[in-house]
Structure formats: C-alpha cells, structure tokens
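S.K.: Predicted model follows, preceded by the sequence.
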Amino acid sequence: MSDIVLDVKNLRVEFPTRKGVLTAVNDISLQIRRGEILGMVGESGAGKSMTGMAILGLLEPPGRIAAGSIHLSGDRIDDLDDRAMQPVRGQRIGAIFQDPLTSLNPLFRVGDQLVETICLHTNLTKTQARERAKDLMREVGIPAVEERIDSYPHQFSGGMRQRIVIALALCAEPELIVADEPTTALDVSIQAQITALLKRLCRERGTAVMLVTHDMGVIAETADRVAVMYAGRLVEVGTVDEIVRRPKHPYTTGLMGSIPSLRKDVEELQMIPGSMPRLNDIPDGCAFNPRCTQAGARCRRDVPSIGAGPTGVACWLAQEGACA
Amino acid sequence: MIAFLLKRTANAAFVMLAVALLAFVIFRFFGDPVEMMVNEQATQADRMELRERLGLNDSFVTQYTRFVSNAAQGNFGISYRNQQDVMVLIKERFPATFELVLVATVISLVVGIPAGVITAVYRESRLANMLQLGSIVGVSLPSFVVGILLILAFSVSLGWLPAFGRGETMDIGWWSTGLLTPSGRAALVLPAISLSTFQVTLVMRLVRAEMLETLRADYVKFARARGVPARRVHWRHALRNCLMPVITLTGMQIGNLIAFALVTETVFQWPGMGMLFIQAVTFVDIPVMAAYLMIVSFIFVALNTCVDITYAWVDPRLRDDTARAGGRNG
Ligand SMILES: Nc1ncnc2c1ncn2[C@@H]1O[C@H](COP(=O)(O)OP(=O)(O)O)[C@@H](O)[C@H]1O
Ligand code: SF4
Ligand SMILES: [Mg+2]
C-alpha cells in the first residue's frame, strides 16, 4: 500500500448555533505521507485547530463532523465513537497543543503523566514505563532526568514543559502528530529550538506531522508542504518552496509579505488590509474577495475550488488568468 | 515549609488572643460575677472578700492575662448554674457534638462530591437533573424542617430509627462515643443526615462549578488527546484539581456545622455542646458561654490553619514559592 498516513477527504466541521449553522471547516481535503511535515497556516480563526481537533476526534459538542472522511493509514477514524477512538489518540496520533504551561496537569508529577500515558498504550510494567519515560525525557533534551522526572510541571520553564509535551506525544511512537501552534506561546528565543527538536524527532521516526501555525517563518524552516487556510477553506496547497517563493493565491502572497526574514529589503511588514470574515458573515464567491486587490466580478459570484491534487490553488485569477 | 507553618501558627495564636479578649470582656462585664455567685444575705464585707479572692480588683491586663493562661489550660471556672467545673461539663458534651459533625461531614463529602461530578460531566442525563432538583430542595429547606420530616418519616411512621438522644454510649477514657454501639449508631443517623443536608448541596454545587471550569482546562483536553479514557480524566485528572476549594469549604464549614448543630441538637434532643449552650443562655451562665465561645472559636481557627496547611500539601505550586531555576532558558 501507499505510505499515506493521514487522508482527509472533503472534511466539513459544523457548529449548530441558535443563529444557524456555522461551518468552521469547509470541504477540506489533505494528505500527509510518512515522514512528511505538512504546515497549516492561516490567520487566527481560519479553522486550523478545528481541523486538528476533528482528526483527534475531540471536537467539543455541539461541534461535529458534518461531511467527509478521515483515514489513518487506511483505517477510517472519523466515524469511531469516543470509546473506539481512545486507543487511537495517544497511540496512533500524538498531540501537541499551543500552551505548554496549561497542557500539563499541574497536580501530577511529569513522570507520572508520562508513565500514565506509556502504560495506557503499551504492555510495559510501571517500572519499565518509568525507564522509558526517562529515555524519552533524555531524548527531548531534559537535563538531569533522574531528578527532574519527579518534578511538577510548574518547576519547569515553558520551553522545558513543551519538551515534555513532545515526549508525551511520542510515548507510543504514533504514526501522526498533530502539533497545534507548538511554539506560539513560547519565548521567541526558544521557538526555533523546539521546532528543530520536533522536526528531528519526527524525521528519525518517520512520523507524519500536521504542524499548525500562523508563523510563516516556522513553516519555511520546518515544513515539506504547506496548506493555507482562509475562512474554513483551503486556498492553496503546495511544496514549501512553491508557497514561499512562488505563491499563487493573493492571500498567500499577502501572508508571505508579512515574514520579515523573507523580505529583508522591505522596511515595514506588509499586512493584508482588512480582516477575515466571521463565520456567519462569509461573502458570496471567493471568501477573500473583499480584501483582494485583484478581485473581479466572477470572484463575487462563484466559489473557486482547489481541486483534488497534491498541489492546488483556489483562485480564479491563478487558475484561469482572469476573473472579470 | 517550616517558615510557612510557623507563620500560620502565629496568625492563629493572634486570632485566638483577640477572641479571648472578647470572651473575657463578656465574662467580666456582662453582669457582676460576684452578684451571681453570692446569696442574698452576703454582707458587703463578704462580697469585698470574694471580689479580692477572685482577683477582680487586679488591673485589666492582669485579669486578661490570667484568663488567657487559664483558658489555655482548659480552665474556664465554675458554672454558675450547677457549680460544676465548666471544662468537665464541656468534656461530657463535646464528644456528642464532635461525632455528629464528623458523620455529617463525611456524608456531605461522600454524597456531595460524586453528585457534583455527575451533574457536571453528564449534564443532560436524568440522574443529573434529579440531583440538581434535589439540591434546590436541599438548600431551601431549613435544617430543623428536614429534621422534623426525617423524624416523621423514619421514627414516627416507619419506626426504623430513634428520634432523640444518643442511644448507648461507650467510654474510651473521658470520651464517650456512640459510634461503637448499635443503638448509638442508629441514633446518629437522622441527626447527621439532617445536619448534613445543606452541606451536601453546598459541596455538590461547589464541585459542579469547579468541574465545569476544570473540564475546559487545556490539560483536560490534552489528557484526552494522549489517550486517557474519559472516566479517568474526569474522576482523576479533573476532580483532583477541584478538590482544593472543597477542602477549604469543608474545613471552614465544620465550624459552621458545630454552630448549626445547636439547631439539630435541639430538634433531636442530642446531648451535645449546643444543648449545653442553649441551657447556659437561659440561665445567663456566663462561664459556660465564655467557654463555648472560646472552644468553638478555637476549632474554627485550628481548622482554618489546617486547611491552609493542607492546601500547601495538595498543591505543589504553593509548597515551594521559590521557583526552581533549572532549565530557565528552555
Ligand atoms: N464552540 C464554537 N461555536 C461556534 N464557533 C466556534 C466554536 N469554536 C470555534 N469556533 C469558530 O471556529 C472557527 C475556527 O476556529 P479555529 O479552528 O480555532 O481557528 P484557528 O485557525 O485559529 O485555529 C473560528 O471562527 C471560531 O470562531
Ligand atoms: S478568486 Fe478573485 S478574489 Fe479570490 S483570491 Fe483569486 S482573484 Fe482574489
Ligand atoms: Mg488555533
């Protein structure tokens, strides 16, 4: 069989609310191969976290998967109930969340949280699990493991805590890791270290990674391919080179303009004027059209589709050269 | 941790001195103790002599110091009413109140905590709705009404449980316990339930509110994400984070329970300190009242201090306020 670890097809996540159904994730398809790091970018509220949560089966009700499918190494997982999904979480899919300060339970020693996770997913005894926990802690770069294993989360710095969260995600050698803004809450000086660590560990293991971030710099350094989200939809997918050097979608072009390291000649960061529409207020046609300098009549009428290929762009102008 | 213990103990001692001052002022200036103690025929000279003998002519500070040091040794003087040593009276009555409050507290935790978790986690379930309804009834019924209803149901109609008294007790040293005899335990059931009703709903509501808060925490979601089963997440990871306010509440409320026991003890003719106090009030038996005030306050303060210390023990973050330096730079 192929080496496709994550296969998301036409995923749609909805929130029924009193004022109508909000579509937080709209018709998203993506694939991640073994050992591949897919970067997911987009402004806050674009639906990146919802996509991750849907994959983990942790959407908060009333949020639900309304359409589409999710396959993990060929096994369908989106229709599993909570009980059936629980051995998948942690064992086949590891998760890393944004804020390491709040991801760890403050009242349990980090060692106990590691041992708990290891014991849940393997047949190791407590003693063996503890040894494995120490190995993992060493591997993610925690010094003086013998002492630190019995420390509480508050006794670690933010960067160290995120290393422990990474160790927790790796406990059962999962096929896929969903990392939702793993460095956003950290000091700028530590962000690169943590991203590099995550990249190295996943490369060594051949783990597929969905790396959610709104930091294009992190993407440029870490990802193999990039998926750009806007207002619940994918607007562009491509290799990191294509996206960073030759972005096709005007929104991606705008995002690239906001990376200082890639545009050293520009004094000020170019920000895209305006803001992303709210979910209950998405314009007809291309959702980006009110902010797009090149928008034409067609953009306000028809929704451009991204297609099913490994690369693609949802833009009339990029697809057909005209949008009038 | 040692510095913390010392600080808390010093605070507690200071509060107790203030309470002692209050009790002393009441004791000393609410009516003249000499008038209460002598009979009609006593001469002025007799009174003066008694006054001197009781040390009532000493300075305020001397008298206060003496009161404090006596109180610290458990010496609260002689009851005006039946001329017995006040401490002997209290010792007779204290175990009854203590056991009542203890059992009521245990009931409130054993029933209140799971009820709180269930109403928070299974919000829409029928059981949760029933518990919610029960808690509304529980807070709105005054405890004497609960007591009377319990007596009507289980003593008068069904005849299962006694409606008054402590049953048979056994003495262990000076402590007379009703927990070791069947009739003592039977007698404890209704008063303890009646006293705990309000407490159960309080614990349940607190646990529910805390759980709802905690369930939104990232570490709960992250625990789910690393594959911890829902039940374990709720009853272990989330509940542990809710217990601190419950400890506080329980600790603080034990003082209230002792105070509320007044009502329960009256309804069930329970021979505890509350009954003793009510009798003391009707006879203006000042030494007994002062002793009650001192002892109940002491329990309040001691519990508060224990709660603070337990806090530090449960929450590692409070234990060492000096954040570790290790790994500061990631
Ligand atoms: N409980 C909810 N009810 C309705 N809408 C929600 C809820 N949770 C999130 N959303 C919406 O879903 C959208 C996607 O959010 P999210 O996936 O967190 O974005 P991000 O790309 O920043 O991670 C947002 O517009 C947010 O407002
Ligand atoms: S479809 Fe039209 S509005 Fe949308 S990004 Fe392309 S050019 Fe702009
Ligand atoms: Mg997000």
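M.R.: Done, it's in. Ligands and ions are numbered 1, 2, ... in the order given.
S.K.: For the rest of this, base every contact and every neighbour count on C-alpha atoms.
M.R.: Noted.
S.K.: and residue B:293, what is it in contact with?
M.R.: Residue B:293 makes contacts with residue B:23, as judged by C-alpha atoms under 8 Å, 6 or more residues apart in numbering or on different chains.
S.K.: Which residue comes closest to the residue of chain A most remote from its centre once chain neighbours are left out?
M.R.: Residue farthest from the centre of chain A, counting by C-alpha atoms, centre = their mean, is residue A:324 at 34.6 Å. Among residues not flanking residue A:324 along the chain, residue A:296 sits closest, at 4.5 Å (C-alpha to C-alpha, 6 or more residues apart in numbering or on different chains).
S.K.: How is the one you found assigned, secondary-structure-wise?
M.R.: At residue A:296 the chain is in coil, as set by DSSP: H, G, I helix; E, B strand; the rest coil.
S.K.: That one contacts residue A:315, correct?
M.R.: No - at 11.1 Å, residue A:296 and residue A:315 do not qualify as touching, with contact defined as C-alpha atoms under 8 Å.
S.K.: who has more neighbours, the two?
M.R.: Higher neighbour count among residue A:296 and residue A:315: residue A:315, with 26 against 15, using other C-alpha atoms under 10 Å in any protein chain shown.
S.K.: do you know how far that one is from ligand 1?
M.R.: 20 Å (C-alpha to the nearest ligand atom, to the nearest Å).
S.K.: right, and that residue touches residue A:305 too?
M.R.: Yes - counting by C-alpha under 8 Å, residue A:315 touches residue A:305, with 7.4 Å between them.
S.K.: mind listing what the residue farthest from the centre of chain A touches?
M.R.: So residue A:324 contacts A:295, A:296, A:297, A:298, A:299 (C-alpha under 8 Å, 6+ apart).
S.K.: The first one contacts residue A:289, doesn't it?
M.R.: Spelled out, that is residue A:295. Yes - with contact defined as C-alpha under 8 Å, residue A:295 and residue A:289 form a contacting pair (5.5 Å).
S.K.: which residues of the chain score low on pLDDT?
M.R.: No chain in the question, so chain A it is. By pLDDT under 70, the weakly predicted segments of chain A are A:1, A:258-271.
S.K.: right idea, wrong chain: chain B
M.R.: In the prediction, chain B carries residues with pLDDT under 70 at positions B:1, B:30-33, B:36-37, B:314, B:316, B:318-330.
S.K.: the domain parsing of it - what is it?
M.R.: As given by automatic domain parsing, the domain ranges for chain B are B:2-72, B:89-322.
S.K.: For the lengthiest helix in chain B, buried residues please.
M.R.: With DSSP state H setting the assignment, residue counts place helix B:86-121 as the longest helix in chain B. Burial within helix B:86-121, assessed by neighbour count using 16 or more other C-alpha atoms under 10 Å in any protein chain shown, is assigned to B:86-90, B:92-105, B:107-109, B:111-121.
S.K.: Tell me the helices and strands packed up against that helix.
M.R.: Judged by 3 or more C-alpha pairs under 8 Å, 6 or more residues apart in numbering or on different chains; DSSP states H and E, helix B:86-121 is in contact with helix B:126-140, strand B:175-177, helix B:182-215, helix B:239-267, helix B:273-282, helix B:286-314.
S.K.: I'd like to check what contacts the fifth one. Which residues are they?
M.R.: Identification of contacts with helix B:273-282 by C-alpha under 8 Å, 6+ apart yields B:81, B:90, B:93-94, B:96-97, B:258-259, B:261-263, B:265-266, B:269, B:286, B:288-289, B:292.
S.K.: Now for residue 135: which residues touch it?
M.R.: Reading this off chain A. If a contact means C-alpha under 8 Å, 6+ apart, then residue A:135 has no contacts.
S.K.: Oops, wrong one, chain B.
M.R.: Applying C-alpha under 8 Å, 6+ apart to residue B:135 gives the contacts B:201, B:204, B:205.
S.K.: 6 Å instead, please
M.R.: Counting by C-alpha atoms under 6 Å, 6 or more residues apart in numbering or on different chains, residue B:135 makes contact with residue B:201.
S.K.: now do the one 4 residues further on
M.R.: With contact taken as C-alpha under 6 Å, 6+ apart, residue B:139 is in contact with residue B:198.
S.K.: switch the cut-off to 8 Å
M.R.: Contacts of residue B:139 by C-alpha under 8 Å, 6+ apart are B:197, B:198, B:201, B:202.
S.K.: For those residues, which single residue is the most surrounded?
M.R.: Each of the contacts of residue B:139 was scored by neighbours using other C-alpha under 10 Å; the highest score is residue B:201's, at 26 neighbours.
S.K.: Okay, strands next: where are they in chain A?
M.R.: Ranges of strands within chain A are A:4-17, A:20-33, A:37-41, A:64-72, A:75-76, A:93-96, A:176-180, A:208-212, A:225-230, A:233-239, A:312-313, based on DSSP state E.
S.K.: For these, give me a markdown table that also has distance to residue B:230 and mean neighbour count.
M.R.: Below are the strands of chain A laid out as a markdown table (distance: least, C-alpha to C-alpha, whole Å; neighbours: other C-alpha atoms under 10 Å in any protein chain shown):
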| stretch | distance to residue B:230 | mean neighbour count |
| --- | --- | --- |
| strand A:4-17 | 22 | 19 |
| strand A:20-33 | 25 | 20 |
| strand A:37-41 | 29 | 27 |
| strand A:64-72 | 18 | 19 |
| strand A:75-76 | 21 | 12 |
| strand A:93-96 | 16 | 28 |
| strand A:176-180 | 20 | 26 |
| strand A:208-212 | 25 | 27 |
| strand A:225-230 | 31 | 25 |
| strand A:233-239 | 31 | 25 |
| strand A:312-313 | 39 | 22 |
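S.K.: May I see those strands organised as CSV, with distance to chain B added?
M.R.: CSV is the format used below for the strands of chain A (distance: least, C-alpha to the nearest C-alpha, whole Å):
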stretch, distance to chain B
strand A:4-17, 17
strand A:20-33, 19
strand A:37-41, 19
strand A:64-72, 16
strand A:75-76, 18
strand A:93-96, 6
strand A:176-180, 10
strand A:208-212, 15
strand A:225-230, 23
strand A:233-239, 24
strand A:312-313, 31
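S.K.: any chance of these in TSV, with distance to residue B:189 too?
M.R.: Formatted as TSV, the strands of chain A follow (distance: least, C-alpha to C-alpha, whole Å):
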stretch	distance to residue B:189
strand A:4-17	49
strand A:20-33	53
strand A:37-41	62
strand A:64-72	49
strand A:75-76	56
strand A:93-96	50
strand A:176-180	54
strand A:208-212	58
strand A:225-230	64
strand A:233-239	63
strand A:312-313	73
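S.K.: out of those strands, which comes closest to residue B:193?
M.R.: Proximity to residue B:193 (C-alpha to C-alpha) singles out strand A:4-17 among those, at 43.3 Å.
S.K.: near ligand 1 at all, the closest one?
M.R.: Yes - for strand A:4-17, a contact with ligand 1 is found by C-alpha under 6 Å from any ligand atom, at residue A:15.
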